[in-house]
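Q: No sequence on hand, only this structure:
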Ligand SMILES: CC(=O)SCCNC(=O)CCNC(=O)[C@H](O)C(C)(C)COP(=O)(O)OP(=O)(O)OC[C@H]1O[C@@H](n2cnc3c(N)ncnc32)[C@H](O)[C@@H]1OP(=O)(O)O
Ligand SMILES: O=C([O-])CC(=O)C(=O)O
């Protein structure tokens with residue numbers, strides 16, 4: 001059954017064209033440039049998907065090799081940026097750190113004049129893909145562990161492995177690298193979601209790549225969007241058994257609370273990314289000998305469907321999967337940024353290629369006429 005797409009929030013209204021992604025289209029489901037998400041998550045590397053989104057087609061072996069090396073060569077953080085990151089307090093939210101880091105990089109390496117040279121946009125995008133993981137982990141390790149990490153990892157080609165190596169100081173297992181790679185692919189692109197739309201609106205004014213991505217980060221941060229993976233973890237963390245989870249969840253529903261990690265603006269019955277990340281979460285749960293978190297998550301899924309016909313979106317099983325890999329909760333949404341920057345940047349390039357400033361209208365609901373009152377006469 002298709003979701004009724006009408007009402008507030010511009011739901012169901014087309015706001016433009018895209019060749020990047022279909023979300024929940026009949027007979028297509030979730031595809032990136034026509035490739036099914038199940039196939040991509042199973043067979044591709046994140047770098048291949050980034051290339052597909054930004055450069056328009058899957059890379060051949062030489063192109064992929066060159067692209068991986070290009071991204072690796074762009075990993076280092078400028079000293080000025082490290083100095084700024086070191087000034088941000090430990091209790092800041094890492095999404096705010098990324099917002100600042102992205103914006104500050106735009107001061108050091110402005111993307112100008114991109115109207116004369118379109119490839120500058122792609123270069124700025126590649127530089128952000130290569131550095132955003134380092135920005136957040138550099139800040140995290142400096143403020144939490146008192147160390148200044150190496151952000152090169154020349155021996156770790158994949159961005160998935162690079163992120164985990166910077167975080168944990170050791171190269172990740174094959175399983176962890178595979179899960180992180182799949183996770184980055186699942187989060188890479190999703191049509192006109194709120195953060196991507198933010199980036200496109202910004203691009204439509206002919207603004208620069210760093211401003212568009214900074215805006216995207218700000219929109220992704222909220223718990224109704226990317227912030228839901230952290231919020232889901234905060235919710236399930238205290239529950240020590242499936243029965244305890246069920247009782248607490250029923251109470252929340254009775255209190256009419258929103259349950260983070262469930263429901264979707266477009267999908268009506270399932271989010272195709274959930275089956276994939278859920279499978280990885282189960283594998284990780286077995287690998288770490290987890291005795292309750294996966295069971296708690298599965299019970300939440302069953303209760304929400306039974307009680308409300310609400311299903312897990314991409315965020316819910318990401319929470320347990322990331323936890324099993326030892327990733328601190330507050331870095332969950334930043335990982336989403338490290339992935340979605342590919343989709344955002346591809347949309348910025350697509351908007352620029354066929355631009356008209358995005359400027360919708362509003363239905364005015366204010367007073368017809370207001371009579372001016374002098375300041376001393378006002379109540
Ligand atoms: C990667 C991503 O960004 S995926 C989304 C991540 N966000 C979340 O997980 C946050 C929780 N989910 C939600 O808030 C919503 O489902 C959204 C924001 C994702 C979609 O919002 P909408 O399209 O407005 O939801 P929708 O129209 O389907 O809501 C229908 C009803 O179900 C309720 N509902 C929807 N999701 C939930 C939820 N997670 N928990 C409880 N009730 C919910 C709504 O409150 C609404 O009830 P009402 O008619 O009494 O007001
Ligand atoms: O499409 C949406 O509204 C939210 C979402 O799932 C995403 O951005 O991945």
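A: Cool, the structure landed. Keep in mind that what you see is a predicted model, and the values were worked out from it rather than measured. Ligands and ions are numbered 1, 2, ... in the order given.

Q: which SSE is the residue nearest in space to the middle of the chain in?
A: Against the mean C-alpha coordinate of the chain, by CA atoms, centre = their mean, the closest residue is residue 336 at 2.8 Å. Using DSSP states H and E, residue 336 sits within helix 332-353.

Q: And residue 319, by the same measure?
A: helix 316-324.

Q: That helix packs against which elements?
A: helix 174-186, helix 228-236, helix 272-288, helix 293-308, helix 332-353 (3 or more CB pairs under 8 Å, 6 or more residues apart in numbering; DSSP states H and E). Glycine gets a C-beta too; all of them are placed from N, C-alpha and C.

Q: at 6 Å what do you get?
A: On a contact count with 3 or more CB pairs under 6 Å, 6 or more residues apart in numbering; DSSP states H and E, helix 316-324 meets helix 228-236, helix 272-288, helix 293-308.

Q: Please tell me how far residue 186 sits from residue 17.
A: Using CB to CB, to the nearest Å, residue 186 is found at 24 Å from residue 17.

Q: the more surrounded of these two?
A: Taking residue 186 and residue 17 together and counting by other CB atoms under 10 Å, residue 186 has the greater number of neighbours (26 against 8).

Q: Tell me the residues of the chain that contact ligand 1?
A: 224-226, 228, 258-265, 310, 313-315 (CB under 6 Å from any ligand atom).

Q: residue ranges of the strands in the stretch 1-150 of the chain, please?
A: Using DSSP state E, counting those that start in this stretch, the strands assigned to the stretch 1-150 of the chain run over residues 21-25, 29-32, 35-36.

Q: give me the residue from the stretch 251-379 of the chain nearest ligand 1.
A: Nearest residue of the stretch 251-379 of the chain to ligand 1: residue 263, at 2.4 Å (CB to the nearest ligand atom).

Q: Hmm, residue 311 and that residue touching each other?
A: No - with contact defined as CB atoms under 6 Å, residue 263 does not count as touching residue 311 (7.5 Å).

Q: contacting residues for the residue nearest to the centre of the chain?
A: 187, 226 (CB atoms under 6 Å, 6 or more residues apart in numbering).

Q: Next up, the contacts around the closest residue to residue 296 other than its chain neighbours.
A: Leaving aside its chain neighbours, residue 296 sits nearest to residue 245 (4.3 Å; criterion: CB to CB, 6 or more residues apart in numbering). For residue 245, the contact set (CB under 6 Å, 6+ apart) comprises 239, 296, 299, 300.

Q: Which one of those residues is nearest to residue 112?
A: For these, the residue nearest residue 112 by CB to CB is residue 300; the value is 48.1 Å.

Q: what's around the closest one, how many residues?
A: Other residues near residue 300 come to 25 when the count uses other CB under 10 Å.

Q: before we move on, the earlier item: can you tell me which two in the residues of the chain next to ligand 1 are farthest apart?
A: Farthest pair in these, by CB to CB: 226 and 310, 18.5 Å.

Q: How about the residues of the protein by ligand 2?
A: By CB under 6 Å from any ligand atom, the residues of the chain that approach ligand 2 are 23, 190, 193, 265, 266, 313, 314.

Q: In space, what's closest to the second one - neighbours in sequence excluded?
A: Spatial nearest neighbour of residue 190, excluding adjacent residues (CB to CB, 6+ apart): residue 23 at 5.9 Å.

Q: Enumerate every residue touching the one you found.
A: Residue 23 touches 30, 190, 191, 266, counting by CB under 6 Å, 6+ apart.

Q: contacting residues around the closest residue to residue 54 other than its chain neighbours?
A: Once flanking residues are discounted, residue 54 sits nearest to residue 346: 5.2 Å by CB to CB, 6+ apart. By CB under 6 Å, 6+ apart, the contact set of residue 346 is 20, 53, 54.

Q: Can you name the residue of the stretch 51-200 of the chain nearest to ligand 1?
A: Residue nearest to ligand 1 within the stretch 51-200 of the chain (CB to the nearest ligand atom): residue 193, separated by 6.3 Å.

Q: Neighbours of residue 343, how many?
A: When neighbours are counted by other CB under 10 Å, residue 343 comes out with 26.
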